[in-house]
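Participant: test case, fold it:
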Amino acid sequence: MTVSAETMGRVRVVTIRRPEARNAVDPATARALYAAFVDFEADAGADVAILTGEGGFCAGFDLKAAVGADGAAWIAGLDLPEEWDPVVNKRPGPMGPTRLMLSKPVIAAVEGYAVAGGMELALWCDLRVMAESATFGVFCRRWGVPLIDGGTVRLPRVVGQGRANDLILTGRPVGAVEAQAMGLADRVVPEGQALAEALAFAESLTRFPQACMWADFLSARMEAAALGAALRREWASAAAFLAEGKAGAARFAGGAGRSGAFE
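Facilitator: Okay, the predicted model is just below:
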């Protein structure tokens, strides 16, 4: 089981459980994450969700899987039709739930690395609790793998266009202090406390009248049609994966880039 879902009161905690791969998401994990959040959305007994990882958040899409037949078939099957709405026509993204537009909030509890597709997962969440030792970053820049799961859509809305340009173009690591200063982290806590803080945060939200809170929450967000159009435009970059990313993924699978090296 690479994904677990546990209900604590009115809070659903979804955990990626691939610590041996730094919680990198392979196709099976993506399917399980997508199903977990579809279930959360449909469950009237759960008001807030938390997304976290065992032993760290998520190192992105599993590039070792990406160079295999299963990974290639998964990516190839994710094309977005022209007539598509992220609320009405639910579809998975490469990382799983990232094309869903839920009516209820999701909080990311980030320990360790949330990089490449893992950062896109954290950006898909509505709020981010980050440990002091955690790191964000578009680390896939090293491998010629594009952001094709909402990163280019959501990052500028969270941190502003200039900061987004910096992070997208350089792929550099961003620690907790800087992440909070730019609005990428909403709460910063000591190492090992991200999930506990996210739980306290989530439970505080369940105490409010929910219909009113959800109405304001949805009103403040990007319209579904605009989000759908932006994600379709971003998906055009998937061609870059075929042009450059497969070779980069193969270099990663061969052992390059250990410990975050950018050479």
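
Participant: relative to the whole chain's centre, how far out is the helix of greatest length in the chain?
Facilitator: With DSSP state H setting the assignment, residue counts place helix 27-42 as the longest helix in the chain. A distance of 13 Å separates the C-alpha centroid of helix 27-42 from that of its chain, computed with Cα atoms, centre = their mean, to the nearest Å.

Participant: just the helices from the stretch 151-263 of the chain, written as ranges.
Facilitator: Using DSSP state H, counting those that start in this stretch, the helices of the stretch 151-263 of the chain run over residues 151-159, 161-170, 176-181, 194-206, 210-219, 224-235, 238-240, 246-253.

Participant: got those as a markdown table, with mean neighbour count and mean pLDDT columns?
Facilitator: C-beta coordinates here come from the backbone N, C-alpha and C atoms, glycine included. As requested, these are exported to a markdown table (neighbours: other Cβ atoms under 10 Å; pLDDT from 0 to 100):
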| stretch | mean neighbour count | mean pLDDT |
| --- | --- | --- |
| helix 151-159 | 20 | 98 |
| helix 161-170 | 15 | 98 |
| helix 176-181 | 17 | 98 |
| helix 194-206 | 19 | 98 |
| helix 210-219 | 13 | 96 |
| helix 224-235 | 16 | 94 |
| helix 238-240 | 15 | 69 |
| helix 246-253 | 18 | 59 |
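
Participant: got the ones you listed as a markdown table, with distance to residue 96 columns?
Facilitator: A markdown table is the format used below for the helices of the stretch 151-263 of the chain (distance: least, Cβ to Cβ, whole Å):
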| stretch | distance to residue 96 |
| --- | --- |
| helix 151-159 | 14 |
| helix 161-170 | 22 |
| helix 176-181 | 23 |
| helix 194-206 | 19 |
| helix 210-219 | 22 |
| helix 224-235 | 14 |
| helix 238-240 | 16 |
| helix 246-253 | 18 |
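
Participant: report how many residues lie close to residue 77.
Facilitator: Around residue 77 sit 9 other residues, with neighbours defined as other Cβ atoms under 10 Å.

Participant: please apply the same query to residue 81.
Facilitator: Neighbours of residue 81 under the rule other Cβ under 10 Å: 8.

Participant: got it, and residue 223?
Facilitator: Summarising burial for residue 223: neighbours were counted as other Cβ under 10 Å, giving 12.

Participant: the helices of the stretch 151-263 of the chain: which one's closest to residue 111?
Facilitator: If you check each of those against residue 111 by Cβ to Cβ, helix 194-206 wins as the nearest, at 5.0 Å.

Participant: which residues are contacting that closest one?
Facilitator: The set of residues external to helix 194-206 that reach it, using Cβ atoms under 8 Å, 6 or more residues apart in numbering, is 8-11, 13, 47-50, 52, 105, 107-111, 127, 129-131, 134, 187, 189, 213.

Participant: who touches the residue lying closest to residue 156 once chain neighbours are set aside in this structure?
Facilitator: The spatially closest residue to residue 156, leaving aside those adjacent along the chain, is residue 164, at 4.0 Å (Cβ to Cβ, 6 or more residues apart in numbering). Residue 164 sits next to 152, 155, 156, 158 when contact means Cβ under 8 Å, 6+ apart.
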